[in-house]
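Peer 1: what would the 3D arrangement of this be:
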Amino acid sequence: MVDISMDDDDGPVNTINDNGTPTATEEEEETENDQVLITKISLRKCQPHQRDITDNPNLQKEVLYLCHDHGMAGHNGLRKTLDLIARKYWWEHVSTNVKKYIEECDLCQRSKPSHQAPLGKLVPLLIPQRNWQHISMDFIVKLPQSEIQGVQLPHDSILVVVDRRSKMAHFIPTQETVTAEGTAKLVFNYVICKHGVPETVVSDRGPQFRSRFWKTILELIGSKPSLSTAYHPQTDGQTERTNQCLETYLRLYSNYDQDNWASILPQAEFAYNNSFHSSIGMSPHMACTGDDMNMASLTTAPPKPPMWDNPEATRIKERIAQVQSHLQKYLELSQGRYKKQADAHRREEIDFQVGDEVLVSTRNIRTTRASKKLESNYMGPYYIKRKISPVAFELQLPKSMKIHPVFHVDLLKPYVRSNDTSRSLPKPPPIPVEEFEF
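Peer 2: Below is the predicted model of the structure:
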C-alpha cells in the first residue's frame, strides 16, 4: 500500500492511503501487528521505485488514460487516480495535471453525483397585497379509493388550493385522471366563486397543467399562468407544506380501510384553516375574516347576538384592517427567516452567462432507458439561452426532448470541455424523455 502527498510544492506532507482515508505524516509507519508496512511517498520529487516521465508528454497521456479512463481503473477521483500513478510513475506537477484531467473527463461529469450543497440563494415569491390575489395549487395522488354519498365515481386524489397570503386552503376531492376541463371546473366552483379571480396561479408541471386548454381557461378568466421553474418544487413550497399537514390529518382520522378520507375532507379543511400558523402569527381564517371560527362544542359562553348598527360595522372594519396590517408584518418577517435558513445550506450561485455550456441533473427526469439506477446523473451539455433570474436559466434544448427548458441553478453544473482533441468522445445518443417525475 502506497501513501501519497497531494501537493507538488514544498509544505506539509498531507498523505492518504489507497482507500482514500487520511493517514499520519511520519515517513514510515507499521500497523499494530507489524504485518503491513505503509510507506509515504511525497509527489514533490521522484522516488526510487518511480519512473520520471516529465519529458514524455505522450506517455503521460497514456498513463492518465490507463490510471483513470481504463475499465480496470474505474474513473476514480483525484486521490485514487494519483495513487495508481504514483505506484510506478512521476512527473513534475503531476497532481495538478491529474486534477485538470479529471475535471475535464466527460464521462465523470455526466455520471458522478454531486455531493456539494445546492447552488443558488432562495428567491422568495413576492408577498401578495390582498387575500386570494395569488394562489398555489397541487395534487395529492395515489390515495385509496374513497366514496362520497351522492357522487358516482370514487375519489383517489385531492386538489389542494392555497392562498399565498392568508394561507387559507381548500381541499377538493377528485380523480387522478381528471382532465384539464375538469380541473378548471373545480377551481371555478371551489375557489373563484368564493374568493374571486386570482391574478396568478403557481403550480407544478403535472399533466393537468400542461394542457393547452387549461392555460386557455386561465387566460379567459383573467389569470396569468405562473408555472414553477422546471423540476423545482421549492418554488411552490407553500402547497407542499400544506400537503404534508393534510396527509398527517388523514392518517390520524381515516378509518382502518382508509376509504373514508373523502368524507372527512371538509372537517380537515376546517381544522387546518382554524389552526395557528407561525408564518402569519394567526389562523388562516382570522387572516381572511378578522375573526376565528366558532367551535360551539368547545365553548361554554353563550354566543353574542349579532349587532348590525353602524358602530359595530366600524369596529369590524377597524378590526380587519388591524389584522391585515399584522399579517403583512408577519409575512415579511417569516419570509426573511425562511430565506436565511434556506441560504445557510446553499452555495453562492455560479455566475452563469448566456452561451455557457452546462450539464442538467437527470434526478427528476424519467427516460425510456431500462434502469434509473444505471442512468447518467447529468445530461448535456447544453448552451444557456437566456437568464430568467439569478437562479433560473433557459437552456437551448433539442426539440425532440419536449420538456420545459427553464431550470433552477441547483440542477445545473458547468461543463468543463477539454482542449485535448485526443480525448474527444463520440457524442452520446439523445436521451428519450418519457415523462416528468413529481
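Peer 1: can you pull out the helices in the stretch 1-150 of the chain?
Peer 2: 57-64, 78-86, 94-103, 106-111 (DSSP state H, counting those that start in this stretch).
Peer 1: mean pLDDT for those helices: which is lowest?
Peer 2: Among those, helix 106-111 has the lowest mean pLDDT, at a mean of 88.
Peer 1: who touches that one?
Peer 2: 69, 75, 102, 359, 376-380, 413, 415-416, 418, 423, 425, 428 (C-beta atoms under 8 Å, 6 or more residues apart in numbering). No exception for glycine: its C-beta is placed from N, CA and C like everyone else's.
Peer 1: hmm, which of the residues you listed are the buried ones?
Peer 2: In those, burial by neighbour count holds for 69, 75, 102, 359, 376, 378, 379, 380, 413, 415, 416, 423, counting by 16 or more other C-beta atoms under 10 Å.
Peer 1: and which of these is nearest residue 155?
Peer 2: Of all the buried ones among the contacts of helix 106-111, residue 379 has the smallest distance to residue 155: 37.2 Å, by C-beta to C-beta.
Peer 1: show me which residues of the strand or helix carrying that closest one are buried.
Peer 2: Secondary structure from DSSP states H and E places residue 379 in strand 378-389. For strand 378-389, the neighbour count (16+ other C-beta under 10 Å) marks 378, 379, 380, 381, 382, 384 as buried.
Peer 1: residues contacting the nearest residue to residue 270 once chain neighbours are set aside?
Peer 2: In space, residue 270 comes closest to residue 293 once its chain neighbours are excluded; the distance is 6.9 Å by C-beta to C-beta, 6 or more residues apart in numbering. Shown in contact with residue 293 (C-beta under 8 Å, 6+ apart): 270, 273, 274, 283, 285.
Peer 1: let's have the residues you listed in a markdown table, adding neighbour count and distance to residue 220.
Peer 2: Shown next, in a markdown table, are the contacts of residue 293 (neighbours: other C-beta atoms under 10 Å; distance: C-beta to C-beta, whole Å):
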| residue | neighbour count | distance to residue 220 |
| --- | --- | --- |
| 270 | 13 | 32 |
| 273 | 23 | 29 |
| 274 | 15 | 34 |
| 283 | 21 | 33 |
| 285 | 19 | 30 |
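Peer 1: start to end distance for stretch 188-197?
Peer 2: This stretch, stretch 188-197, spans 9 Å end to end (C-alpha to C-alpha, to the nearest Å).
Peer 1: which other residues reach that stretch?
Peer 2: Outside stretch 188-197, the residues touching it (C-beta under 8 Å, 6+ apart) are 131, 132, 135, 161, 163, 170, 172, 198, 221, 222, 223.
Peer 1: which residues touch the second one?
Peer 2: Residues counted as contacts of residue 132 (C-beta under 8 Å, 6+ apart) are 163, 165, 166, 168, 191, 195, 196, 198, 288.
Peer 1: check it and give its pLDDT.
Peer 2: For residue 132, the model assigns a pLDDT of 92.
Peer 1: pick out whichever of the buried residues of strand 378-389 sits closest to residue 62.
Peer 2: For the buried residues of strand 378-389, the nearest to residue 62 is residue 381 (26.7 Å; C-beta to C-beta).
Peer 1: who's in contact with the closest one?
Peer 2: Counted by C-beta under 8 Å, 6+ apart, residue 381 has contacts 357, 358, 359, 415, 417.
Peer 1: and the second one, what pLDDT?
Peer 2: Meaning residue 358. The predicted local confidence for residue 358 is 94.
Peer 1: ok, how many other residues are close to the closest residue to it other than its chain neighbours?
Peer 2: Excluding the flanking residues, the one nearest residue 358 by C-beta to C-beta, 6+ apart is residue 412, at 4.5 Å. Counted with other C-beta atoms under 10 Å, the neighbours of residue 412 add up to 26.
Peer 1: quick one: residue 412 and residue 353, what's the gap?
Peer 2: 12 Å (C-beta to C-beta, to the nearest Å).
Peer 1: do residue 153 as well
Peer 2: 52 Å.
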